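turn this into a model:
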Amino acid sequence: MSSTQPAVVNYAPDPGCVELRDVPVPEIGPEDVLLDVAAVGVCGSDLHQWTAEHSWPVQYPVTLGHEFAGVVRQVGGQVSAFAPGDRVCSETAAVINEGSPLSRIGRYNLDPERKGFGYGVDGAMTQQVRVPARCLHRVPAGLGLQQAALTEPCCVAFSAVAANVDILPGDRVLVLGPGPIGLLCGALARLRGAQVAVAGLARDAQRLQLATSLGCQALTSDQCADWAFQRDGLGCDGVVDAAGISATLRTAMELVRPAGWISKVGWGREPLEFSLDPLVQKNVRLQGSFSHTWATWERVLCLLDSGALPVLDIVGGTWPLDQWQAAFETMHSGSIAKSLLLVSDAE
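Alright, predicted model coming up:
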């Protein structure tokens, strides 16, 4: 086994500071596994670190990639639940304080000491990655590893529209932002019985076509108000802010009905330059939604395995690891919703 491997490394906090480097193959501890990466999704957060538009601390240099699946190569001495050859995918909470009050009640995703793959510790845009065994989930026999690699964004969406808010059949839900998370939020809200519209800009035409294929109505920004107030003039029951900019929260407050909810899953680093008083006046619940837990992963894997959540529909192209830049640039252009890096042909 070679002692080094190629990896997509974010090495500094300036725009464009990502390159393919040779890095050491990681050594595992007693509670870890060494995973042969099969596929890894490109997330909007990877792009934000590449363009230096992120708003979270990064431990430079760091290998990118937190959406991944693969095959167990080696297990630590205290790992009994997994064995070499197992097909698995991984949660993102690479480092947690297992004794913290939040971790002890199963909310380790909110542990203040949490560090994730791709920014806090080395991620999976490489050939082999070290993963704590507690992060792993078995991939169902009928589910491909390319699909399983995208469990993580599906879990983010599940948290935003299923775990953190209540949707009843017939509710009208508007999703702001047709990126991967927005599209998946739309698909999952549809599974809950909602009437769903996904809104974007004129340049998002390709992504809005995907929204239509997932059973949602596609809207441009100037059509949102008509759709939101169509039923009774009071606004829609819920708004998912998945746009990744701060300004869309204002739109969400304008379009949600009194006593409705806003689920904010998109990050926005810009300061707000508007009043939050409409939240008070309308008695609206503003719900932040971050990450996911073990139970969410198990549910989402069932949805993927059943075919109810066709996640590969949002993938616009696949690239080998050494063509990471083309994958990043194509996704960043908006011409596709999701890029996927294929590291090995394991299935």
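
end to end, how far does stretch 49-69 reach?
The straight-line separation of the ends of stretch 49-69 (C-alpha to C-alpha, to the nearest Å) is 22 Å.

list the buried residues for it?
For stretch 49-69, burial by neighbour count (16 or more other C-beta atoms under 10 Å) applies to 49-50, 54, 58, 61-69. No exception for glycine: its C-beta is placed from N, CA and C like everyone else's.

out of those residues, who's nearest Gly186?
Glu67 (18.7 Å; C-beta to C-beta).

would you mark the buried spots in stretch 127-140?
In terms of neighbour count (16+ other C-beta under 10 Å), stretch 127-140 has its buried residues at Gln127, Gln128, Val129, Arg130, Val131, Pro132, Ala133, Arg134, Cys135, Leu136, His137, Val139.

test my guess that the first one contacts Val343.
Yes - under the contact definition of C-beta atoms under 8 Å, Gln127 touches Val343, with a separation of 6.0 Å.

touching both of those two, which residues are there?
Residues touching both Gln127 and Val343 (C-beta atoms under 8 Å, 6 or more residues apart in numbering): Val37, Leu321.

one step back: so which pair among the buried residues of stretch 127-140 is furthest apart in space?
Across the buried residues of stretch 127-140 (C-beta to C-beta), the longest gap, 22.6 Å, separates Gln127 and Arg134.

from Pro13, how far out is the residue lying closest to Asp14 once chain neighbours are set aside?
Residue nearest to Asp14 in three dimensions, not counting chain neighbours: Ala52, with 5.6 Å by C-beta to C-beta, 6 or more residues apart in numbering. With distances taken as C-beta to C-beta, to the nearest Å, Ala52 is found 6 Å from Pro13.

quick one: Pro24 from Gln128, how far?
10 Å.

how is this protein divided into domains?
With automatic domain parsing as the criterion, the domains of the chain are listed as 4-153+292-342, 165-288.

quick one, which of those is nearest to Ser159?
Nearest of the domains of the chain to Ser159, taken as C-beta to C-beta: domain 4-153+292-342 at 5.1 Å.

endpoints of the closest one, how far apart?
End-to-end distance (C-alpha to C-alpha), domain 4-153+292-342: 19 Å.

same question for stretch 48-62.
Start and end residues of stretch 48-62 are separated by 14 Å (C-alpha to C-alpha).

distance between it and the chain's centre?
The chain centroid and the centroid of stretch 48-62 are separated by 16 Å, computed with C-alpha atoms, centre = their mean, to the nearest Å.

name the residues that touch that stretch?
Here stretch 48-62 has contacts from 9-18, 21, 45, 64, 115, 118-123, 267-269, 328, 332, using C-beta under 8 Å, 6+ apart.

among the residues you listed, which ones are in helices?
Secondary structure from DSSP state H places Ser45, Phe328, His332 of those in helices.

in CSV: those residues, plus neighbour count.
As requested, the ones in helices among the contacts of stretch 48-62 are exported to CSV (neighbours: other C-beta atoms under 10 Å):
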residue, neighbour count
Ser45, 20
Phe328, 21
His332, 17
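
which among these gets closest to Ser213?
Closest to Ser213, out of all of the ones in helices among the contacts of stretch 48-62 and judged by C-beta to C-beta, is His332, at 22.1 Å.

and the closest one, how far from Leu47?
Distance from His332 to Leu47, counting by C-beta to C-beta: 5 Å.

restricted to buried residues, select the contacts of stretch 48-62 in PyMOL.
To isolate the buried ones among the contacts of stretch 48-62 in PyMOL, judged by 16+ other C-beta under 10 Å, type:
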select buried, resi 9+10+17+18+45+64+115+118+119+120+121+122+123+267+268+328+332
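
out of the contacts of stretch 48-62, list just those in strands.
Judged by DSSP state E, the subset of these located in strands is Val9, Asn10, Val18, Arg21, Lys115.

which strand or helix spans the residue nearest to Gln217 when sequence neighbours are not counted?
Using C-beta to C-beta, 6+ apart and skipping the chain neighbours, the partner closest in space to Gln217 is Ala197 (4.2 Å). Following DSSP states H and E, one finds Ala197 within strand 195-200.
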